[in-house]
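Colleague: after the sequence you'll find the predicted model.
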Amino acid sequence: MTIYVTSDHHWGHAAARSLYRRPFASVDEMDRLMIERWNAVVGPEEEVWHLGDFAVRQSADRVGSILASLNGRKHLVLGNNDNDAVTHCADWQSVQSYAELVVDGVRFVLCHYPFRTWRDMGKGAINLHGHSHGRLKPLARQCDVGVDVWDFRPVRLTDTLSVATRSRVE
């Protein structure tokens with residue numbers, strides 16, 4: 001089973017197009033294409049960790065409709081824009097503020113926010129985050145998994161390793 005990570009879709013958020021310079025003609029186009037791109041890479045039985053800011057000011061019905069249209073078994077790590085309509089949606093496998101995964105001996109620390117330090121940082125743990133929309137220079141062993149960085153689609157957990165372990169030249 002493949003594990004994917006992603007964040008900051010901001011479904012339904014009209015201002016996301018200008019705030020984050022998204023190349024979509026409308027919110028409807030943005031939402032439709034992000035659903036298509038998600039489903040093009042994620043299969044029905046695969047696992048997806050969404051690191052927050054799933055949808056902005058959308059009704060519970062709209063959030064439920066979007067979530068149901070997306071492939072995979074989906075977990076939510078809360079972001080600053082995730083309201084009750086998002087967090088109370090029954091289609092999430094889990095909802096939490098923070099998570100850790102150990103895959104093939106590598107610890108991944110998942111949070112919506114980028115950390116300056118994190119658990120087992122000195123032992124090789126990798127911080128995966130969203131929130132910054134590609135605007136923050138990452139630390140070593142850190143990766144922004146937001147859609148603005150990854151062509152508006154989830155990224156395989158294993159693909160974050162090459163970004164997070166790339167040596168940083170100052």
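Modeller: All right, it came through fine.

Colleague: CA atoms for contacts and neighbours, from now on please.
Modeller: Fine.

Colleague: and the helices in the chain, which stretches?
Modeller: Secondary structure of the chain (DSSP state H): helices at 16-19, 27-41, 60-69, 84-87, 157-164.

Colleague: may I see the buried residues of stretch 144-153?
Modeller: Of all the residues in stretch 144-153, those buried under the rule 16 or more other CA atoms under 10 Å are 144, 145, 146, 147, 148, 149, 152, 153.

Colleague: check which residues of the lowest-mean-pLDDT helix or strand in the chain are buried.
Modeller: Sorting the helices and strands of the chain by mean pLDDT, DSSP states H and E puts helix 16-19 at the bottom, at a mean of 82. For helix 16-19, a neighbour-count test (16+ other CA under 10 Å) marks 16, 17 as buried.

Colleague: helices or strands next to that helix in the packing?
Modeller: Helix 16-19 sits against no helix or strand, with contacts defined as 3 or more CA pairs under 8 Å, 6 or more residues apart in numbering; DSSP states H and E.

Colleague: using PDB, write down the CA coordinates of it.
Modeller: What follows is helix 16-19, C-alpha atoms only, in PDB (Å, rounded to 0.1, in the frame of the first residue of the first chain):
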ATOM      1  CA  ALA A  16      -6.700  31.100  -2.700                       C
ATOM      2  CA  ARG A  17      -6.400  31.700  -6.400                       C
ATOM      3  CA  SER A  18      -4.900  35.200  -5.900                       C
ATOM      4  CA  LEU A  19      -3.200  34.700  -2.500                       C
END
